[in-house]
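**Q** Need the 3D shape of this:
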Amino acid sequence: MRKLEDDHVQGIMFKAGWQPLEPYKNHRHKWKSKCMKCNRISYPTLKMVKARNTGCAYCAGLRIDDYEAVEIMTKAELKPIEPYKNANTKWKSECLKCGSMVAPRFASIQSGQGGCKKCGVQRATDMSRTDHDVAEAQVLKKNLKPLEQYVSRNNPWKCECLVCGSVVTTALKRIQQGRGCRVCAISGFKPTEPAILYLIFHPIHNSIKIGVTNTLSKEQRLVIHKKFGWETQNFYNFEIGYKAEKIEFALLKWLRKDLNLPIHLSADLMPQHGHTETVSADSVTIIEIIRKIEELKKGLPE
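**A** A predicted model of the protein is given here:
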């Protein structure tokens, strides 16, 4: 009878892909067996095998050898400095690229995530970086000569205007948007000349926009906005344009950072440009913005 029982249970194990390596004891006992697919040793119970037709955890990717785990970490440019525990425990390692000490979870590395945050940030920066020669050629087309090394398209970049000689701080992103020297741009805003800060409203989009333009360009700019459905609510005159810009900057800082209000309209809804200065009328009222402008004006030096 014992022989028949052993043959029966071993048949169950063989069918499930296991080769027992020791005599059978009982259905709850962990039975040392070898997976016939990967040849690794595991300890399934007969009860589990019968109930679930349990396969090899290694073959299913649920368990991994220490050697394989280290090999995967090495391919991810990480050197473990302590023994492997399990996939969800932080594994103290050294980044082979920058030398930083990190502790990623092995499961994260298996899923393709990076193990070093510092290198991840640098990688993202490198991906968004434009080649220096290309960047310099783009600013030269706008009559600007770089005075310092190019870093990235969003990084402030000090340049000299080849037209008026002014030293200005711009960014490649601004150049790629068509902007050049803020001082001598023929069709752009001139901060040394009289200007206005205007407040307009779009009833269909329920959107409020602020903006600045030189006084001589006032009618043209507001007429263009009117063409696209915007209504002028108020405007403020400034003898020097940079003061209007200063108020606009402080006002946007108040809206975006203090009130945490996002840009309301997308660029395609404002083909005449200026969508980055919009805010939802449901989030702040025109009266509140006017009060803030008056407050900021009082803080301007004479």
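
**Q** next one: stretch 207-221 to chain centre, how far?
**A** Centroid displacement of stretch 207-221 relative to its chain, using Cα atoms, centre = their mean, to the nearest Å, is 33 Å.

**Q** in that stretch, what counts as buried?
**A** Ser207, Ile208, Lys209, Ile210, Gly211, Val212, Thr213, Asn214, Thr215, Ser217, Lys218, Arg221 (16 or more other Cβ atoms under 10 Å). For the C-beta atoms, the positions are set from N, CA and C on the backbone; glycine is no exception.

**Q** The first one contacts His225, doesn't it?
**A** No: counting by Cβ atoms under 8 Å, His225 is not a contact partner of Ser207; they are 11.5 Å apart.

**Q** Filter the buried residues of stretch 207-221 down to the ones in helices?
**A** Lys218, Arg221 (DSSP state H).

**Q** Now for the buried residues of stretch 207-221: which two are most distant?
**A** Ser207 and Thr215 (24.9 Å; Cβ to Cβ).

**Q** neighbours of Cys35, just the number please.
**A** 19 (other Cβ atoms under 10 Å).

**Q** in the sheet, who's paired with it?
**A** Trp18 (DSSP bridges).

**Q** Tell me how far it lies from Met270.
**A** 63 Å (Cβ to Cβ, to the nearest Å).

**Q** Quickly find the element holding Leu199.
**A** strand 195-202 (DSSP states H and E).

**Q** just checking, Cys181 is part of a helix?
**A** No: counting by DSSP: H, G, I helix; E, B strand; the rest coil, Cys181 is not found in a helix; it is coil.

**Q** If you tally nearby residues, what's the number for it?
**A** Count around Cys181 with other Cβ under 10 Å applied: 22.

**Q** re the thing from before, ok, and what's touching the strand holding Leu199?
**A** Residues from elsewhere that reach strand 195-202 (Cβ atoms under 8 Å, 6 or more residues apart in numbering): 189, 207-215, 218, 221-222, 225, 228-238, 240-241, 243-245, 247-248, 281, 286, 289-290, 293.

**Q** out of those, which are inside strands?
**A** Per DSSP state E, strands hold the following members of those: 207-214, 231-238.

**Q** which one is Glu160 nearest to, not counting chain neighbours?
**A** Sequence neighbours aside, Lys145 is the residue nearest to Glu160 in space, at 4.7 Å (criterion: Cβ to Cβ, 6 or more residues apart in numbering).

**Q** Report the buried residues of the host helix or strand of the one you found.
**A** Assigned by DSSP H and E, Lys145 belongs to strand 144-146. Within strand 144-146, the residues scored as buried using 16+ other Cβ under 10 Å are Leu144, Pro146.

**Q** could you point out which element follows it?
**A** Following strand 144-146 toward the C-terminus (DSSP H and E): strand 157-161.

**Q** picking up where we left off before, parallel or antiparallel, which strands does the strand holding Lys145 pair with?
**A** strand 157-161 (antiparallel).

**Q** All the helices of the stretch 201-302 of the chain, in order from the start?
**A** 218-227, 241-253, 286-298 (DSSP state H, counting those that start in this stretch).

**Q** so the last one versus helix 241-253, what angle?
**A** It refers to helix 286-298. Helix 286-298 and helix 241-253 are oriented at 130 degrees to each other (axes from the mean of the first three to the mean of the last three Cα atoms, to 10 degrees).

**Q** Tell me the buried residues in helix 286-298?
**A** Buried residues in helix 286-298 (16+ other Cβ under 10 Å): Ile289, Lys292, Ile293, Leu296.

**Q** Select, from these, the two members most distant in space.
**A** Ile289 and Leu296 (10.5 Å).

**Q** joint contacts of the two?
**A** Common contact partners of Ile289 and Leu296 (Cβ under 8 Å, 6+ apart): Leu251.

**Q** Can you give me the neighbour number for Val49?
**A** 21.

**Q** And the pLDDT at it?
**A** As predicted, Val49 sits at a pLDDT of 76.

**Q** Same check on Asp6?
**A** What the model reports as pLDDT for Asp6 is 69.

**Q** Make sure Pro83 is actually in contact with Asp66.
**A** Yes: under the criterion of Cβ under 8 Å, Pro83 makes contact with Asp66 at 7.0 Å.

**Q** Domain parsing of the protein, as residue ranges.
**A** 2-52, 66-124, 132-176, 195-298 (automatic domain parsing).
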